[in-house]
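# Please find the sequence and the predicted model below.
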Amino acid sequence: MFSFEVNRPKDISAMFNDLKNEARKNNLSFSGDETAGRASGFGFEGRYTVLPNAIKIDVLKKPLIISQKTIVEKTKENLSKY
């Protein structure tokens, strides 16, 4: 398990709507709201907590072939558009 934080997006509602839609389209499990939640699928399992200025992400399980660094970089890259 590892944790990291990303900057809280300006449009957090749009971000969560998009994440829920993408999860549905890709047959992933995503439950939660603008305060906390969980996601899983394809060998990943994690949870998040929304803080005043950041989102704390706890990665509980990941595929061995994907590095921690890649997960952090790709998450920050994808959420930065919001």
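Yep, it's here.
# burial of Met15, as a residue count?
18 (other C-beta atoms under 10 Å). In this view, the C-beta of every residue, glycine as well, is placed from N, C-alpha and C.
# need the contact list for Glu34.
Counting by C-beta atoms under 8 Å, 6 or more residues apart in numbering, Glu34 makes contact with 12-13, 16, 50.
# Check these for burial and list the buried ones.
16, 50 (16 or more other C-beta atoms under 10 Å).
# Between the contacts of Glu34, which sits nearest Asn27?
Of all those, Asn27 sits closest to Phe16, with 18.5 Å by C-beta to C-beta.
# Identify the farthest-apart pair in the contacts of Glu34.
Among the contacts of Glu34, Ser13 and Val50 lie farthest apart (C-beta to C-beta), at 11.4 Å.
# circling back: give me the subset of the contacts of Glu34 that lies in helices.
12-13, 16 (DSSP state H).
# Now tabulate those in TSV and tack on distance to Lys25 and pLDDT.
TSV is the format used below for these (distance: C-beta to C-beta, whole Å; pLDDT from 0 to 100):
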residue	distance to Lys25	pLDDT
Ile12	20	89
Ser13	19	89
Phe16	15	89
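# Could I get these in TSV, plus columns for distance to Gly43?
Output for the ones in helices among the contacts of Glu34, formatted as TSV (distance: C-beta to C-beta, whole Å):
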residue	distance to Gly43
Ile12	27
Ser13	29
Phe16	23
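# Identify, from those residues, the entry nearest to Ser31.
For these, the nearest to Ser31 is Phe16 (11.2 Å; C-beta to C-beta).
# wait, isn't the closest one in contact with Asp33?
Yes - taking C-beta atoms under 8 Å as the definition, Phe16 is a contact partner of Asp33 at 7.1 Å.
# The residue lying closest to Asn7 once chain neighbours are set aside: what's it in contact with?
The spatially closest residue to Asn7, leaving aside those adjacent along the chain, is Ala54, at 6.0 Å (C-beta to C-beta, 6 or more residues apart in numbering). Ala54 makes contacts with 5-8, as judged by C-beta under 8 Å, 6+ apart.
# Sweet, I'm off.
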